[in-house]
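Visitor: based on what follows, work out the 3D shape:
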Amino acid sequence: MVSNLKILNTVKVSGGILLTIGILTFFYSFLVNGYSNLIGISIGIIMGAVFIFLMGVFFVATEEVLKKTDKGQKMTPNKYK
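Guide: Numbering: from 1, shown residues only. Okay, the predicted model is just below:
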């Protein structure tokens, strides 16, 4: 559980930083300068931040499900040979 929290916090912080950079870049390019090339880059940064966050949450959820399920089949010894 501790490793899942570390991964989730890392994904949350890195996604938040990238999202903030992307939003600030978008507002700067759209409102202040009007650079059309920078608008595309900022939208890509925002989409990347969302993708990183969703993949991290999916990874943590998958690990939780795999830890809680029983793996394999229970075998009982055969009494009659």
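Visitor: CA only for contacts and neighbour counts going forward, please
Guide: Noted.
Visitor: which stretches of the protein have low pLDDT?
Guide: Scanning the chain for pLDDT under 70 picks out 1, 34, 72-73, 81.
Visitor: can you tell me which helix in this structure is longest?
Guide: What stands out as the longest helix in the chain, according to DSSP state H, is helix 36-68.
Visitor: against which helices or strands is that one packed?
Guide: Taking 3 or more C-alpha pairs under 8 Å, 6 or more residues apart in numbering; DSSP states H and E as contact, the helices and strands that helix 36-68 lies on are helix 2-27.
Visitor: quick check: buried residues in the helix it packs on?
Guide: Across helix 2-27, burial judged by 16 or more other C-alpha atoms under 10 Å covers Asn4, Leu8, Val11, Lys12, Gly15, Gly16, Leu18, Leu19, Gly22, Ile23, Thr25, Phe26.
Visitor: repeat for stretch 71-80
Guide: Result for stretch 71-80 [16+ other C-alpha under 10 Å]: no buried residues.
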